[in-house]
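Student: I'd like to go over a predicted model; first the sequence, then the structure.
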Amino acid sequence: MNVDDEAAVLSRVPTFAKLDPARLKLLAFTSRALRFAPGDVIIRAGEPSDSTLLILEGTVEFIGQTGQGDFVIGTAGAHQMIGEMGVLMRGPRTVTVRARDDVRVLRISAQVFLRLLTENPDVALDMMRQLCERLTATTKRLESAQQALIDCGAAPGKPGAR
């Protein structure tokens, strides 16, 4: 895929839809397209957050780990960004991400991503909205899990809790 094709794909992503064609081409030019097969690890927890990834095709899984093994925390698909939280927080990756099926992403370096946000308020605002939506959804899932624990008597501080 050439720069013009990648810019055309970026123009269909809601986060980048308001960027002018020249900025889209620059973003496409400074980014790198990558492919992953089902089961490939795309991001590994603990690694440096050196980039964000825009999913162009396919579905990825966010993987949690316990003593009993791995489990799927959630998924993301086309036109969703992954890895941006680590870049914004300037910290290591917090979760492992693997390809559920054939996945194609556009890797945007941390430097380019941060510059994109600081120079384009509409993109930054959209990114903040997406992060707030994810935080709200996570909070609701946590509240539901906590209520389920209370209902079965396993919540901390309840009789019979482990």
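Tutor: Arrived safely, thanks for sending.
Student: CA atoms for contacts and neighbours, from now on please.
Tutor: Noted.
Student: and the closest residue to Phe36 other than its chain neighbours, how far is that from Leu131?
Tutor: The shortest distance from Phe36 to any non-neighbouring residue, by Cα to Cα, 6 or more residues apart in numbering, is to Val103 (5.1 Å). Distance, Val103 to Leu131, by Cα to Cα, to the nearest Å: 22 Å.
Student: Which one of these two is surrounded by more residues?
Tutor: Each of Val103 and Leu131 has its neighbours counted (other Cα atoms under 10 Å); Val103 has more, 22 against 14.
Student: my guess is the more buried one contacts Leu54, does it?
Tutor: No: counting by Cα atoms under 8 Å, Leu54 is not a contact partner of Val103; they are 10.5 Å apart.
Student: coming back round to it: now do the residue nearest to Phe36 against Asp126, distance only.
Tutor: 24 Å.
Student: remind me which residues of the protein are low pLDDT?
Tutor: For the chain, the stretches with pLDDT under 70 are 154-162.
Student: Can you check which helix is longest in it?
Tutor: helix 121-151 (DSSP state H).
Student: Tell me which other helices or strands it touches.
Tutor: helix 110-119 (3 or more Cα pairs under 8 Å, 6 or more residues apart in numbering; DSSP states H and E).
Student: just checking, what packs against the helix it packs on?
Tutor: Counting by 3+ Cα pairs under 8 Å, 6+ apart, helix 110-119 packs on strand 51-57, helix 84-89, helix 121-151.
Student: Nearest residue to Arg90 in space, please, no chain neighbours.
Tutor: Ser49 (6.9 Å).
Student: Tell me which residues touch the one you found, please.
Tutor: For Ser49, the contact set (Cα atoms under 8 Å, 6 or more residues apart in numbering) comprises 83, 86-87, 90-93, 110.
Student: Please report how far it lies from Ala7.
Tutor: 24 Å.
Student: Over to Asp70?
Tutor: 36 Å.
Student: So which of the two has more stuff around it?
Tutor: Shown here are Asp70 and Ala7; by other Cα under 10 Å, Ala7 has more neighbours (21 against 10).
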